[in-house]
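Asks: sequence and predicted structure below; questions after.
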Amino acid sequence: MSEVIVIDDMAIRYEDLFRAPEKDGAVVSVRVHKSVKELLVRLAQREGLDGVSELLRYLVAGYIMGKYKLVHPEPRVLAQPIFLNVNVNKTQGKDSIEPEQVMVKVEIDELIKESIQAIEKVKAGIINPRGNEYLRKLRNKVVRYMVKALKYRMEDEYEKLKTIQTTLTTILEE
């Protein structure tokens, strides 16, 4: 459900500030000069609203929100569960380091830095996450490197990449 706001002992829901009344709703009539009505019609059309009634509902809601310092309630976000899959390769000893493993480690470190910078830019409002193809490709790249981290027994890097993947997925779904 939505959050209830109490103003002068009147309880209303936040969504009621912007919503049109149903059959049992109240109607408020306002008489204005003909030129003011024409201006309101043009403003409503320019804003892409259904009509003057919707424009006036938004104006009233804006006044109430400004007067009583109301803010839009934040939606409750449930964090995604973290799944950990660890594959153990028993054929090789722990001390053996492959040259390819060193290369993958360097690539993972660069990917982690790039991802953290992108997440910070989203939080700062520099990058808009909605429909952002760069963030989607970055998340997919993180998933590919998670597989490589498991393949080369890099548990610490895997954990970092999993956290980044979860954060990017959450950002893209908002």
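Replies: Yes, it's here.

Asks: now for the lengthiest helix in the chain, which elements pack on it?
Replies: For the chain, the longest helix by residue count, based on DSSP state H, is helix 99-124. When contacts are defined as 3 or more Cβ pairs under 8 Å, 6 or more residues apart in numbering; DSSP states H and E, helix 99-124 packs onto helix 133-151, helix 155-173. Where C-beta positions appear, they are placed from N, C-alpha and C, glycine not excepted.

Asks: and the angle from it to helix 155-173?
Replies: Between the axes of helix 99-124 and helix 155-173, defined by axes from the mean of the first three to the mean of the last three Cα atoms, to 10 degrees, the angle is 30 degrees.

Asks: sorry, back to before: of the helices and strands packed on helix 99-124, which is nearest K69?
Replies: helix 155-173 (28.6 Å; Cβ to Cβ).

Asks: avg pLDDT for that closest one?
Replies: Average pLDDT, helix 155-173: 90.

Asks: contacts for it, please.
Replies: Here helix 155-173 makes contact (Cβ atoms under 8 Å, 6 or more residues apart in numbering) with 77, 79-80, 82, 84, 86, 105, 108-109, 111-112, 115-116, 118-119, 122, 129, 132, 135-136, 138-139, 142-143, 145-146, 149-150.

Asks: again, but for stretch 142-151
Replies: Contacts of stretch 142-151 (Cβ under 8 Å, 6+ apart): 85-87, 89, 104, 107-108, 111, 115, 155, 157-158, 161-162, 164-165, 168.

Asks: which of those residues are buried? Put it as a PyMOL command.
Replies: Paste this into PyMOL to select the buried members of these, with burial taken from 16 or more other Cβ atoms under 10 Å:
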select buried, resi 104+108+111+115+157+158+161+162+164+165+168
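
Asks: mind putting the helices and strands packed on helix 99-124 into a markdown table with distance to A61?
Replies: Formatted as a markdown table, the helices and strands packed on helix 99-124 follow (distance: least, Cβ to Cβ, whole Å):
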| stretch | distance to A61 |
| --- | --- |
| helix 133-151 | 32 |
| helix 155-173 | 28 |
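
Asks: mind checking which of those is nearest E100?
Replies: Here helix 133-151 is closest among those (Cβ to Cβ), at 9.5 Å.

Asks: now the closest one: mean pLDDT?
Replies: 91.

Asks: show me what contacts I12?
Replies: Counting by Cβ under 8 Å, 6+ apart, I12 touches V4, I5.
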